[in-house]
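Peer 1: okay, here's the prediction I keep looking at, along with the sequence it came from:
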Amino acid sequence: MGEQEKEASLPSKNNFSEWYNELLQIAKIMDVRYPVKGLYVWHPFGFTIRKKSYSIMRELLDRDHEETMFPLLIPEAEFMKEAQHIKGFEDEVYWVTHGGTSPLEVNLALRPTSETAIYPMYKLWVRSHADLPLRLYQIVNTFRYETKHTRPLIRLREITSFKEAHTVHATWDEAAWQVDEAIRIYTEFYRRLAIPILSSKRPEWDKFPGADYTIAVDSLMPDGRTLQVGTAHHLGDNFAKTFEITYEDSEGEQVYAHQTCYGVSERCLAALISTHGDDKGLVLPPEVAPVQVVIIPIIFKKPEEVLAACEKVAEELKDAGINVKTDDSDKRPGAKYYKWEMQGVPIRLEIGPRDLKNKAAMMARRDTGEKEQIPLEDIASTIKDTFADVHKNLYSQAEAQLREHIFLCEGLEEIKDKLAHGIVQTYWCGKEDCGKEMEDVIGAGILGIPGEQPDCKGKKCPLCGEEAANSIYIARTY
Ligand SMILES: Nc1ncnc2c1ncn2[C@@H]1O[C@H](COS(=O)(=O)NC(=O)[C@@H](N)CS)[C@@H](O)[C@H]1O
Ligand SMILES: [Zn+2]
């Protein structure tokens, strides 16, 4: 079998679901053949994208958070303490009941999220005003017995890359500031992945169990549905009261603390792959590409000179901190282009005898497909400038895509019609029963109330016709 024939073929991205599943395999992101539903295996290539993406998250958080790690197993009594929280997670939590063949005295929960592992320790650690604000995070695996359709990177039973931050503050307002800060951090994180996001306040009935309110960030997927790619929750003093997290204030009084928590999972990688990928495979922003430049020697004569020149360029790029690979395998150039385009390599350099004569290389960009001759002289800075342009181009393309798929509607029929194509922005009277009825009538959920509100004067709720209290997003979601 020739190299070319052996390659599995990638469906068109228009058939998003098939394209996504095939691409994860062909581009060696994850292997989905692990024999437990909702658990998947990282290929090293995919794991490197994860590593590079999460090092951006760490860079942003480490400015004023500290990273740590709490135990995976949570004793039943602690898990069962916060009523709303249990209600929200009781159907999703996995239990460990045995050690070997002997039943455990106390059943242990596999953390679905870590509030009930962390907050008993916060009770011990937070004593005085001076201990606040406390801002810790961990990047761990968590377990949720998801009953909805599981999908790699999108809906897992083992979330392998769960970044959860848990902060403690002296007042409700300081915690509210932290929730907004979390959204700013997430917006910056996703900008670095060239992914534009929408942030909005989830409706009461869709907030995190035990929270006062939830602000979520959503990205647009190619099929017009949205993906919740991060959430930040104001926990009020609900958990502080349950876990007795108090501090001594300046008058010597014991005061309940106020808290937030905010999380991102490997869904960020589902968004990365889905937002930028195309019919040839992955398209990666340079900052998170495992291979940033691939050098293809074009050899039909003077092989030694060409290979030596390729080696020199590779060294120069490596010295400039660029991840570079030279593909000097005996594949035909076309097969090489196919492979590295599939892997989303942002820049390909072709170097042949003619290029040597011109002291140049042919640079092909993965995002635009453009090819141009660039001088070998000072090639590392040319490449780095091009990286910046690739990132800018990917972000502006994705932003245009998002903008084109937000439809301002006012009537129910128009809302239903536009929902098939993307996100609807409309109005709402703000009444819960009307909101829930509207969700039933249109068959999609209220995504949330965006922070920046347009003028709602004279606008009516599409269902009950009353004065609109807010403008809202409605979308079909993952
Ligand atoms: N089953 C899942 N698979 C993959 N990602 C998930 C799954 N469930 C939730 N997530 C992601 O994890 C983020 C945080 O989860 S959460 O339930 O909303 N929030 C918490 O657990 C809070 N403790 C903040 S860390 C969500 O915004 C979503 O992007
Ligand atoms: Zn209404």
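Peer 2: Thanks, I have it. Numbering: from 1, shown residues only. Ligands and ions are numbered 1, 2, ... in the order given.

Peer 1: helices of the stretch 301-450 of the chain, start to end?
Peer 2: 303-319, 333-342, 353-357, 379-404, 412-419, 432-442 (DSSP state H, counting those that start in this stretch).

Peer 1: can you list those in CSV and add mean neighbour count, distance to Gly458 and mean pLDDT?
Peer 2: (Glycine included, C-beta is placed from N, CA and C.) Listed next are the helices of the stretch 301-450 of the chain as CSV, based on neighbours: other CB atoms under 10 Å; distance: least, CB to CB, whole Å; pLDDT from 0 to 100:
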stretch, mean neighbour count, distance to Gly458, mean pLDDT
helix 303-319, 15, 59, 96
helix 333-342, 18, 52, 96
helix 353-357, 14, 65, 91
helix 379-404, 16, 25, 98
helix 412-419, 16, 18, 96
helix 432-442, 15, 18, 95
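
Peer 1: so which of these is nearest ligand 2?
Peer 2: Closest approach to ligand 2 among the helices of the stretch 301-450 of the chain is made by helix 432-442 (3.2 Å; CB to the ion).

Peer 1: tilt between that closest one and helix 412-419?
Peer 2: 60 degrees (axes from the mean of the first three to the mean of the last three CA atoms, to 10 degrees).

Peer 1: in CSV: the helices of the stretch 301-450 of the chain, plus distance to ligand 1.
Peer 2: Shown next, in CSV, are those (distance: least, CB to the nearest ligand atom, whole Å):
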stretch, distance to ligand 1
helix 303-319, 35
helix 333-342, 25
helix 353-357, 46
helix 379-404, 18
helix 412-419, 21
helix 432-442, 19
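
Peer 1: nearest to Arg127, out of the ones you listed?
Peer 2: Of all these, it is helix 432-442 that lies closest to Arg127, at 39.7 Å by CB to CB.

Peer 1: mind saving the C-alpha coords of that closest one as CSV?
Peer 2: C-alpha atoms of helix 432-442 as CSV (Å, rounded to 0.1, in the frame of the first residue of the first chain):
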residue,chain,number,x,y,z
GLU,A,432,-38.3,32.8,35.3
ASP,A,433,-41.6,31.1,34.3
CYS,A,434,-41.8,33.0,31.1
GLY,A,435,-38.1,32.3,30.4
LYS,A,436,-38.5,28.6,30.9
GLU,A,437,-41.7,28.5,28.8
MET,A,438,-39.8,30.4,26.1
GLU,A,439,-37.1,27.7,26.2
ASP,A,440,-39.7,25.0,25.7
VAL,A,441,-41.5,26.9,22.9
ILE,A,442,-38.3,27.5,20.9
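
Peer 1: picking that back up, compare the helices of the stretch 301-450 of the chain and give me the one nearest Pro11.
Peer 2: helix 333-342 (13.1 Å).

Peer 1: figure out how far that closest one is from the centre of its chain.
Peer 2: 27 Å (CA atoms, centre = their mean, to the nearest Å).

Peer 1: try stretch 401-411
Peer 2: 23 Å.

Peer 1: how about the residues of the stretch 101-250 of the chain near ligand 1?
Peer 2: By CB under 6 Å from any ligand atom, the part of the stretch 101-250 of the chain that sits against ligand 1 consists of 113, 115, 144, 146, 155-156, 159, 164, 208, 228-231, 233.

Peer 1: right, I'll call it a day here.
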